[in-house]
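K.L.:
Fold the following, please.
(chains A and B)
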Amino acid sequence: MAFLQSAVTRAGTFTGRKGRLPYLLLLPGMLWLFTFFILPIINLAGTSTQTPVLGGDTGQYVQTFRLANYIDAFNAARPQFARSFIYAFLATLLALAISYPLAYAIAFRSGRFKNILLVLVVAPFFTSFLLRTVAWKQILGEEGFVVPTLRALHIIGPQATLTASALAVVTGMTYNFLPFMTLPLYASLERIDPRTLEASNDLYANGITTFRKVTFPLSMPGVVAGTLLTFIPAAGDYVNAAILGNPNTTMIGNVIDSRFFRIVDYPTAAALSFMLMAAILILVTIYIRRSGTDELV
Amino acid sequence: MSTVPIPTLPVSKRISRWFGRNLIRIYAVLGFTYLFVPVFYTIAFSFNNAGKSNLVWKGFTLSNWANPCGAPDVCAALGNSLKIGVIATTAATILGTLIAFAIGRHRFRGRATTNLLIFLPMATPEVVLGSSLLAMFLAFRINPGVWPTVAAHVMFCISFVVVTVKARIASLDPRLEQAAMDLYANERETFRRVTLPLVMPGIAGAALLAFSLSFDDFIITNFNSGTMNTFPKFVYTSAARGIPAQANVIGSSMFLIALVIVAAGQLVNRKKAR
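P.N.:
Presented below is the predicted three-dimensional model:
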């Protein structure tokens, strides 16, 4: 997709204003990205195939190009991998269900309050990410208002709790990544020409048909961008699982973190990181191709 | 709302019609309630007379706000976060804006590759960015701390700055620059007096975004900061035994400061629009 664009650029509109200037503008930033993004990833690939030094201290590894590290790492963390993708998928779906009507209301029904509402949608996320997560621990905890209410309504049993559960982890993830969903959705809904909706009305489509055949397809770029921006950080997150979960809800991020810091097992942590990145990149590529919004990249 | 009661319809029908018409508004009210419940909790518990563990409501007090540095380490951690945030934001805004101008204003060989390199850090989970950087620092025997953290923050902020500023450049009316040229401004003058002022709100927004990303980052920071404490690290490590109310005071203040900045920005925009 992106490579195709470059071919087109090369063949066609090569205006080349001031030959060297763009490269000078790019150089410092690209050098930074190369040093602190590309190099570490290459280094990580190297680390992932190392094995412990025989008779060495903990944390000492030597390069032996052992590809089986990947298989071992995957087998050791299979449930966490599955959980990461399931939780991230659920959180993305929930975030879409919550954000779409909200973005729709702001884009089409808010009148002169549009700017204020837009600020209000983002405002909660200026309180610290970790404080928000801790706040959910309080809300869903014994002393919060949710548990007593649900108990009084007999929706949950008198002994049931909500914290330290998969439900709490998904709730926290949904909330924490919500603006990444709402803002792209709003941006693409706002760009829709209201006359296209009127035209649909004039052609005797009812509200539901107009939404299904006109509004939703036109908002697709926002849906794709929003779901990606929510899914990616959610799949790699371990803060929600650490604060709101229990030992049976750990995600791949928790494993990488503890392999790195507690067990000092760099090769396994590196192999897991690499597999996570590869899995996400593959999913993202398929998703972007499928939804036909190539211009995103 | 603006419903005119229709006398012939039974009440239940009228109610269901009202709901049908206002469904999206009702939903929006529910949505905003959901958004603000955790904020309400954070602010409310900044007034909690809690002592050490701030998990249960124990009574109202202003003492946390009077003494925001009262809990051990909290202000040192905040200071580190602010310092890193300011340095990383400055560097990332400059580097990212230069890239945005290169992409937004020039056609050159490798433009698509550049776009891809900007997109990739945003598509990589933080835990991968953080762990790969730490592994490299360790391989080069660089100890984690302030500067490795700054380097990491600049790296993940650049992409967001590029995307924000690029969008602003793309939305400019090219006729404004043409008009400046028609009025005998040379390229440099046009850039300084027309293009740059028009892009400035985008750059300011990008800087604000970069600062909030840097200030709020936990995962990448946790990998690369070593023993240095930051505000998110402080909250994370104290979350298990209950965070002190002073952390809530700081979180609430950040929320209020951000609201004031955004409101001020809106006012400036409105004045300019007149």
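K.L.:
Could you tell me the end-to-end distance of stretch A:145-158?
P.N.:
14 Å (C-alpha to C-alpha, to the nearest Å).
K.L.:
Give me the contacts around that stretch.
P.N.:
With C-beta atoms under 8 Å, 6 or more residues apart in numbering or on different chains as the test, stretch A:145-158 has contacts from A:139-141, A:160-162. From N, CA and C alone the C-beta is placed, and that goes for glycine too.
K.L.:
how does it look with 6 Å?
P.N.:
A:139-140, A:162 (C-beta atoms under 6 Å, 6 or more residues apart in numbering or on different chains).
K.L.:
Number of residues surrounding B:F119?
P.N.:
17 (other C-beta atoms under 10 Å in any protein chain shown).
K.L.:
What parts of the stretch 51-200 of chain B come near chain A?
P.N.:
By the criterion of C-beta under 6 Å from any C-beta of the partner chain, the positions of the stretch 51-200 of chain B lying close to chain A are B:56, B:95, B:98-99, B:101-102, B:106-108, B:111-112, B:116-117, B:119, B:121, B:123-128, B:131-133, B:135-136, B:139, B:151, B:155, B:158.
K.L.:
Buried ones among these?
P.N.:
B:95, B:98-99, B:101-102, B:106, B:108, B:111-112, B:116-117, B:119, B:121, B:123-128, B:131-133, B:135-136, B:151, B:155, B:158 (16 or more other C-beta atoms under 10 Å in any protein chain shown).
K.L.:
Same list, the contacts of stretch A:145-158, but as a markdown table with pLDDT and distance to chain B please.
P.N.:
Below are those laid out as a markdown table (pLDDT from 0 to 100; distance: C-beta to the nearest C-beta, whole Å):
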| residue | pLDDT | distance to chain B |
| --- | --- | --- |
| A:I139 | 90 | 6 |
| A:L140 | 90 | 11 |
| A:L162 | 83 | 14 |
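K.L.:
Please narrow the residues you listed to those residing in helices.
P.N.:
Using DSSP state H, the subset of these located in helices is A:139-140.
K.L.:
Out of the contacts of stretch A:145-158, which comes closest to B:A66?
P.N.:
Nearest to B:A66 among these: A:I139, at 26.9 Å, using C-beta to C-beta.
K.L.:
who touches that closest one in this structure?
P.N.:
Contacts for A:I139 (C-beta under 6 Å, 6+ apart) come out as A:V146.
K.L.:
Mind checking which of the residues of the stretch 51-200 of chain B next to chain A land in helices?
P.N.:
Using DSSP H, those in helices are B:95, B:98-99, B:101-102, B:111-112, B:116-117, B:119, B:121, B:123, B:126-128, B:131-133, B:135-136, B:139, B:151, B:155, B:158.
K.L.:
Name the next helix or strand downstream of the least confident helix or strand in chain A by mean pLDDT, please.
P.N.:
Sorted by mean pLDDT, DSSP states H and E, the helices and strands of chain A end with helix A:2-11, the least confident at a mean of 39. The element immediately downstream of helix A:2-11 (helix or strand, assigned by DSSP states H and E) is helix A:21-33.
K.L.:
confidence score at B:L133?
P.N.:
For B:L133, the pLDDT comes out at 94.
K.L.:
thought it was touching A:P40?
P.N.:
Yes - if you go by C-beta atoms under 6 Å, B:L133 and A:P40 touch, sitting 4.8 Å apart.
K.L.:
Nearest to chain B: which residue in chain A?
P.N.:
Going by C-beta to the nearest C-beta, chain B is nearest to A:G236 of chain A, at 2.3 Å.
K.L.:
Would you confirm that that residue contacts B:G130?
P.N.:
No - using C-beta under 6 Å, A:G236 is not in contact with B:G130; the gap is 9.5 Å.
K.L.:
higher neighbour count, these two?
P.N.:
Neighbour count, other C-beta under 10 Å: between A:G236 and B:G130, B:G130 has more, with 28 against 25.
K.L.:
which residues does the more buried one contact?
P.N.:
Residues in contact with B:G130 (C-beta under 6 Å, 6+ apart) are B:219-220, B:223.
K.L.:
Nearest spatial neighbour of it, chain-adjacent residues omitted?
P.N.:
In this structure, B:G130 finds its nearest non-sequential neighbour in B:F223, 3.4 Å apart by C-beta to C-beta, 6 or more residues apart in numbering or on different chains.
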